[in-house]
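Novice: Whatever this is, show me its structure:
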Amino acid sequence: MIDMASILNSKEHVNMEVKAAGKGIPNSIWETYSSFANTFGGTIILGIEEDKITKEFIPRGIQDPQQML
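Specialist: Here you go, the predicted structure:
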């Protein structure tokens, strides 16, 4: 099971990437997906944004998760 507190207290690294994805799947997901597919894999977490300065994770949520599925 994923521990959200642990995720929010961590940073992006070679096998974990966060994407804001508030209104849908962002185009930048495919670059990350390809990178993970060509290395050792990884996890993409949607609905979380990374602050560009502090590198902290900020939960943003997803407006229509059913549409994304």
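
Novice: drop to CA atoms for contacts and neighbour counts, all remaining ones
Specialist: OK.

Novice: For this structure, which residue occupies the most central location?
Specialist: Val18 (1.9 Å; Cα atoms, centre = their mean).

Novice: Assess the claim that that residue and Glu50 are in contact.
Specialist: Yes. Contact criterion Cα atoms under 8 Å: Val18 and Glu50 qualify, at 6.9 Å.

Novice: mind listing what's buried in the longest helix anywhere in the chain?
Specialist: Secondary structure of the chain per DSSP state H: the longest helix is helix 29-37. Buried residues in helix 29-37, counted by 16 or more other Cα atoms under 10 Å: 29, 32, 36.

Novice: next one: stretch 44-58
Specialist: Under 16+ other Cα under 10 Å, the buried positions of stretch 44-58 are 44, 46-50, 56-57.

Novice: Centre of the chain to it, how far?
Specialist: Taking the mean of its C-alpha atoms, stretch 44-58 sits 7 Å from the chain's own mean (Cα atoms, centre = their mean, to the nearest Å).

Novice: Pairing partners for the nearest residue to Pro26 once chain neighbours are set aside in the sheet, please.
Specialist: Nearest residue to Pro26 in three dimensions, chain neighbours excluded: Lys19, at 7.5 Å (Cα to Cα, 6 or more residues apart in numbering). Here Lys19 sits in beta bridges with Leu46, going by DSSP bridges.

Novice: mind listing what Lys19 touches?
Specialist: Contacts for Lys19 (Cα atoms under 8 Å, 6 or more residues apart in numbering) come out as 26, 29, 44-50.

Novice: can we see that at 6 Å?
Specialist: 46, 48-49 (Cα atoms under 6 Å, 6 or more residues apart in numbering).
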